[in-house]
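Peer 1: Predicted coordinates and the sequence they were generated for:
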Amino acid sequence: MNRIALFIPLVVFAILTLFLLKGLDRDPTELPSALVGEAFPNFVLPSLADEQTFFSERDLGGRVVLVNVWATWCFACRIEHPMLNQLATEGVAIIGLNYKDQDQQARQWLERKGNPYVFNIVDSKGTLGFDLGVTGAPETYLVDAQGIIRYRRVGVVDQRVWDDEINDLYQQLSGEVK
Amino acid sequence: MPRYLFKTALMIMLLLAPLTHLNKSSIVWASSDIVQFSDPLLRDRYYQLVQELRCPKCQNQNLADSNAPISKDMKAQIHSMLEAQKTDDQIKQHLVSRYSEFVLYRPEVNANTWFLWFAPLCIVLFGAVVIWRYAFSGNPAKSDAKTYAADLSAKQQQKLSKLLGEDEQS
């Protein structure tokens, strides 16, 4: 019995090492999303192109879309924008959520850098962003044809993220629609 | 007081020392945190909530300490929900459903968190058992002395008494 007890510290050490090794690969800034698997929140918000037009969650449905949260004050959005333009030319439907931004500046941004968005929702107070659990820009959500959020990306979507994390899911969900 | 009792008491006091910090009544607030409430009770609950809710954008800061835009939004939301007579649980649920359990510094007890909740208690109990056994499994020094005394022959015993006697006289 006593000899077995001598191994207790070794076992404790081994367990601790396993947990710490696992922790090395984890990004502490990556949060679990509360909304993956949930329906896209209800909203009624104006269009960026025309303040008199309003969109709601029903305008997302019927197809697989990316909802991209962006703003002109967001530096990383500048880096992300060419990738969105590229995805749009490949036929991916991207809907913009202009988050806590100035309409005028946002419109100028799209004129200068190109407009990859099917349409843009103006969320000047961040209310839809709050319901989505947005912590900052850019963020990107993959929403299926039933309006269910299937994936969330906090930070820039670049070629690597698209290839590794989004493309397969996007193709699979699009396949289900057809 | 026997030495081992003193040791035990000291260890128990050391184990309990962290608990003295539980009573954190004197929290000083930065002036930017002053928020107007219709009822002072709501203000107390507000400070309680922003203390134990965590900012989802910043690592390891609660809402009270954080200046991130998202924390400001969350604080405004808590403020308006308090004024709308929502309970603390409703407010927490509202935030958890959007920002996940990450925002709770005091998470609910469930399958994911039971280890977090009960491991410290288990470790303290384990420590208490170790201390108990160390302190009360018989005094090693004393039992050693007895063993040696039993091994002495009558002659040796005499010699020992003599030596000890000399020591006391000098």
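Peer 2: Nice, I can see it.
Peer 1: Every contact and neighbour count from this point should use C-alpha atoms.
Peer 2: OK.
Peer 1: what does stretch B:85-99 rub up against?
Peer 2: With Cα atoms under 8 Å, 6 or more residues apart in numbering or on different chains as the test, stretch B:85-99 has contacts from A:33-35, A:130-134, B:45, B:49, B:56, B:74, B:78, B:81-82, B:102-104.
Peer 1: Please repeat the previous calculation with a cut-off of 10 Å.
Peer 2: Contacting residues not belonging to stretch B:85-99 are listed as A:31-35, A:38, A:41, A:129-135, B:42, B:45-46, B:48-49, B:53-57, B:74, B:77-82, B:100-104 [Cα atoms under 10 Å, 6 or more residues apart in numbering or on different chains].
Peer 1: Just the buried subset of the residues you listed, please.
Peer 2: Burial by neighbour count, judged by 16 or more other Cα atoms under 10 Å in any protein chain shown, picks out A:33-35, A:41, A:129-135, B:42, B:45-46, B:49, B:53-57, B:74, B:77-79, B:81-82, B:100-104 from the contacts of stretch B:85-99.
Peer 1: Can you tell me which of those end up in helices?
Peer 2: Of the positions in the buried ones among the contacts of stretch B:85-99, A:129-132, B:42, B:45-46, B:49, B:74, B:77-79, B:81-82 sit in helices, assigned by DSSP state H.
Peer 1: Could you confirm whether the worst-scoring helix or strand of chain A on mean pLDDT reaches chain B?
Peer 2: Every helix and strand in chain A was compared by mean pLDDT, DSSP states H and E; the lowest is helix A:2-5, with a mean of 82. No - using Cα under 10 Å from any Cα of the partner chain, helix A:2-5 stays clear of chain B, with a minimum separation of 13.3 Å.
Peer 1: And the very next helix or strand once past that helix, how far out from the chain middle?
Peer 2: Remark: after helix A:2-5, the chain's next helix or strand is helix A:8-24, criterion DSSP states H and E. Averaging C-alpha positions (Cα atoms, centre = their mean, to the nearest Å) puts helix A:8-24 34 Å from its chain's average.
Peer 1: Output helix A:8-24 as CSV - backbone C-alpha positions only.
Peer 2: The C-alpha coordinates for helix A:8-24 follow below in CSV (Å, rounded to 0.1, in the frame of the first residue of the first chain):
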residue,chain,number,x,y,z
ILE,A,8,0.6,9.6,-6.1
PRO,A,9,2.7,12.7,-6.7
LEU,A,10,3.8,11.3,-10.1
VAL,A,11,0.2,10.6,-11.1
VAL,A,12,-0.8,14.1,-10.0
PHE,A,13,2.1,15.6,-12.0
ALA,A,14,1.2,13.6,-15.1
ILE,A,15,-2.4,14.7,-15.0
LEU,A,16,-1.4,18.3,-14.5
THR,A,17,1.1,18.1,-17.4
LEU,A,18,-1.6,16.8,-19.7
PHE,A,19,-3.9,19.7,-18.8
LEU,A,20,-1.2,22.3,-19.3
LEU,A,21,-0.1,20.7,-22.6
LYS,A,22,-3.6,20.9,-23.8
GLY,A,23,-3.8,24.5,-22.7
LEU,A,24,-0.7,25.5,-24.8
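Peer 1: can you list the residues that contact that helix?
Peer 2: residue A:7.
Peer 1: got the buried residues for that helix?
Peer 2: Result for helix A:8-24 [16+ other Cα under 10 Å]: no buried residues.
Peer 1: So, low pLDDT: which residues of chain A?
Peer 2: Low-confidence segments of chain A, defined by pLDDT under 70: A:1, A:32, A:178.
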